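Undergrad: after the sequence you'll find the predicted model.
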Amino acid sequence: MAQKDNHHGGQVDFSRGDVRRGILDVAAPMLVAQVLNLLYNIVDRIYIGKIPGEGTLALAGLGLCFPLITLVTAFANLFGVGGAPLCSIARGQKDEKTAGKIMTNAYFMLVVCGLVLTVAGLVFHKPILYLFGASDETYPYAAAYLLIYLLGTVFVMTTLGLNPYINSQGFARIGMLTVLLGAATNIVLDPVLIFLCGLGVRGAAIATVVSQGLSAAWVLRFLTGPKTELRLRFRGFRPDWACIRRITALGTSSFVMSFTDSLVQVACNATLRTFGGDLYISVMTVINSVRQIAQTPVMALTDGASPVISYNYGARQVPRVRKAIRFMTQLGFGYTLLIWGLISLFPAGFIRIFNQDPDLLAAAVPSLHIYFFGFVMMAFQFSGQSVFKSLNKAKMAIFFSLLRKAVIVVPLTLLLPRVAGLGVNGVFLAEPISNCIGGLACYLTMRRTVMPELSAMETQPAHNGT
């Protein structure tokens, strides 16, 4: 159905034309969308870090909320990123009914999880924040932000969870506008509510909730409207548990990636508080923000390649799948090399975006150098991970996500500071070690397992219905 109208409504056709162009057509709007999504979170940090007299403490408070915010993202990814490749594969097989059913069941689960997370967060926020490394000084800032942020959980789940279904149909520009709407609103509201209305950290949270609400309304309007190919239909809806299990199985790798991110943040904050105090939690908040800026383009690239790989795999177009994998890896390697160079040359410039405090700068520059060492290896992690997800190899994707974060980073974060007097440097050293080991292991395994399978697929005649 998508194929009759090659670029109808800005829709990208994955089955023909240059593969590289197809990837960039999807990746470019996704990059803009992800940069905007990043601005969402980062603008909060930039403004909060500049609140007169309390910026550094407020930043630490916001840093303590990250693991919970990441957890909300993890649940959105579980059903969003989990169902979208299945949707693409079904579309590649011309099975629109299944594709629509996958999307509607995913949305049902997004709403249910959103409501559960909101209630649980509001009830247990205090013990959770102290567990995550809050002190009596930073808790008030963390709680002020979190309690308001949680009220918008269903909005966040709707926006983040349904946008992949817009992208998987080739409407990447619409997907980009979803995020643009929210980010622009947030950027405008932040300074007004934080400084003009004097609401401080609370203002930042209110701005975020309002913005997410607007984005959610936009997504729902598109997916229930006339322009979309797959429509959200709730008339006579009953949850299809077999379908939900398939979505969850594939989404688990993205969930685990975000969940282990959350785990890493908790381990880092708690260890840094022991070895370096609240100042180092602020340092980690800044370094995390720089890392998010640095890795966003490579994530957009792999996310852009994903529907192209899934669709052509479903349509048994092996040369196009191979070409997409090669292009994604080469571009990702070139980009991560460049950004590592820039961060190594101008560390203070990146840190000053968030905070001008001389104590924070003095502590953050050496930490940033350690943390980013060998950043180029991240390209292999993202590339391997993306191929496993796109081809519905959920177990592999989960395994390598767990290997890098849970098996390598978390234990090293807890152990290294106690070795040879490394202290806080040990926490920052855990990241480059895991990038090298985890990234290479993931990519080499993908080459050894996926490439032979693609070669075998080329020699086999296509079965009907596969």
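TA: In hand now; what should we look at?
Undergrad: on contacts alone, who are the packing partners of the helix or strand hosting L177?
TA: Using DSSP states H and E, L177 maps to helix 172-191. The elements that helix 172-191 packs onto, with contact taken as 3 or more Cβ pairs under 8 Å, 6 or more residues apart in numbering; DSSP states H and E, are helix 19-48, helix 153-168, helix 201-223. Glycine gets a C-beta too; all of them are placed from N, C-alpha and C.
Undergrad: pick the most buried one from these.
TA: For the helices and strands packed on helix 172-191, average neighbour numbers computed from mean count of other Cβ atoms under 10 Å are highest in helix 153-168, which has a mean of 27.
Undergrad: run the angle between that one and helix 19-48 for me.
TA: Following axes from the mean of the first three to the mean of the last three Cα atoms, to 10 degrees, one obtains 160 degrees for the angle between helix 153-168 and helix 19-48.
Undergrad: the spatially closest residue to Q11 that is not a sequence neighbour: what secondary structure?
TA: Sequence neighbours aside, G170 is the residue nearest to Q11 in space, at 4.1 Å (criterion: Cβ to Cβ, 6 or more residues apart in numbering). Following DSSP: H, G, I helix; E, B strand; the rest coil, we place G170 in the coil state.
Undergrad: any idea how many residues pack against G170?
TA: Applying the criterion other Cβ atoms under 10 Å, we find 29 residues in the vicinity of G170.
Undergrad: test my guess that it contacts V26.
TA: Yes. Under the contact definition of Cβ atoms under 8 Å, G170 touches V26, with a separation of 7.3 Å.
Undergrad: how far does stretch 426-440 sit from its chain's centre?
TA: Distance of stretch 426-440 from its chain centroid, counting by Cα atoms, centre = their mean, to the nearest Å, is 19 Å.
Undergrad: do stretch 269-289 as well
TA: Taking the mean of its C-alpha atoms, stretch 269-289 sits 22 Å from the chain's own mean (Cα atoms, centre = their mean).
Undergrad: that stretch: which residues count as buried?
TA: Of the residues in stretch 269-289, those buried by neighbour count under the rule 16 or more other Cβ atoms under 10 Å are 269-273, 276, 278-289.
Undergrad: same thing with stretch 243-263?
TA: Buried residues in stretch 243-263, counting neighbours by 16+ other Cβ under 10 Å, are found at 243-244, 246-248, 250-263.
Undergrad: which other residues reach it?
TA: Stretch 243-263 has contacts (Cβ atoms under 8 Å, 6 or more residues apart in numbering) with 66-68, 70-71, 73-75, 77-83, 85-86, 101-102, 105-106, 108-109, 385, 388-389, 392, 394, 397-398, 401-402, 404-406, 409-410.
Undergrad: those in helices, which ones?
TA: Judged by DSSP state H, helices contain the following of the contacts of stretch 243-263: 66-68, 70-71, 73-75, 77-83, 85-86, 101-102, 105-106, 108-109, 385, 388-389, 394, 397-398, 401-402, 410.
Undergrad: buried subset of the residues you listed?
TA: The neighbour count (16+ other Cβ under 10 Å) marks 66-68, 70-71, 73-75, 77-83, 85-86, 101-102, 105-106, 108-109, 385, 388-389, 394, 397-398, 401-402, 410 as buried among the ones in helices among the contacts of stretch 243-263.
Undergrad: wait, what's in contact with G55?
TA: Counting by Cβ under 8 Å, 6+ apart, G55 makes contact with I48, G49, N355, D357.
Undergrad: neighbours around the second one, how many?
TA: Same thing as G49. In terms of burial, G49 registers 23 neighbours under the definition other Cβ under 10 Å.
Undergrad: do the third one as well
TA: A count of nearby residues for N355, using other Cβ under 10 Å, gives 24.
Undergrad: ok, now which ones touch the residue lying closest to it once chain neighbours are set aside?
TA: Among residues not flanking N355 along the chain, G49 sits closest, at 4.2 Å (Cβ to Cβ, 6+ apart). With contacts taken as Cβ under 8 Å, 6+ apart, G49 has the following neighbours: G55, T56, A58, L59, V286, F354, N355.
Undergrad: backbone phi and psi for F132, please?
TA: The phi/psi pair for F132 (degrees, to the nearest 10) reads phi -80, psi 0.
Undergrad: thought it was touching N269?
TA: Yes. Using Cβ under 8 Å, F132 is in contact with N269, at 5.8 Å.
Undergrad: show me the common contact partners of the two, please.
TA: When contacts are counted by Cβ under 8 Å, 6+ apart, F132 and N269 are jointly contacted by L64, P67.
Undergrad: can you give me the buried ones in stretch 432-447?
TA: Applying a neighbour-count criterion of 16+ other Cβ under 10 Å, one finds P432, S434, N435, C436, G438, G439, A441, C442, Y443, T445, M446 buried in stretch 432-447.
Undergrad: so the first one touches F372, yeah?
TA: Going back to what we said before, that points to P432. Yes. Taking contact to mean Cβ under 8 Å, the distance of 7.4 Å between P432 and F372 places them in contact.
Undergrad: count the residues that sit near the closest residue to V450 other than its chain neighbours.
TA: The shortest distance from V450 to any residue that is not its chain neighbour, by Cβ to Cβ, 6+ apart, is 5.8 Å, and that residue is V387. Other residues within reach of V387, judged by other Cβ under 10 Å, total 29.
Undergrad: so what pLDDT did V387 get?
TA: Here the pLDDT value assigned to V387 is 91.
Undergrad: mind listing what's buried in stretch 449-465?
TA: Judged by neighbour count using 16+ other Cβ under 10 Å, the buried positions of stretch 449-465 are V450, L454.
Undergrad: outside of stretch 328-344 itself, list whatever touches it.
TA: With contacts defined as Cβ under 8 Å, 6+ apart, stretch 328-344 is touched by 23, 290, 294, 297-298, 301-302, 305, 350, 368-369, 372, 374-380, 382-383, 386, 443.
Undergrad: and that stretch, how far out from the chain middle?
TA: Distance, centroid of stretch 328-344 to centroid of chain: 19 Å (Cα atoms, centre = their mean).
Undergrad: kindly report the same for stretch 190-208.
TA: Using Cα atoms, centre = their mean, the distance between the centre of stretch 190-208 and that of its chain works out at 25 Å.
Undergrad: quick one: mean pLDDT over it.
TA: The average pLDDT within stretch 190-208 is 89.
Undergrad: start to end distance for it?
TA: The distance separating the two terminal residues of stretch 190-208, taken as Cα to Cα, to the nearest Å, comes to 8 Å.
Undergrad: for the stretch 301-450 of the chain, which segments count as helices?
TA: Remark: helices assigned in the stretch 301-450 of the chain by DSSP state H, counting those that start in this stretch are 318-345, 347-352, 358-372, 378-390, 394-402, 410-415, 424-459.
Undergrad: mind putting the ones you listed in TSV, distance to L196 included?
TA: Shown next, in TSV, are the helices of the stretch 301-450 of the chain (distance: least, Cβ to Cβ, whole Å):
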stretch	distance to L196
helix 318-345	34
helix 347-352	24
helix 358-372	26
helix 378-390	39
helix 394-402	42
helix 410-415	40
helix 424-459	37
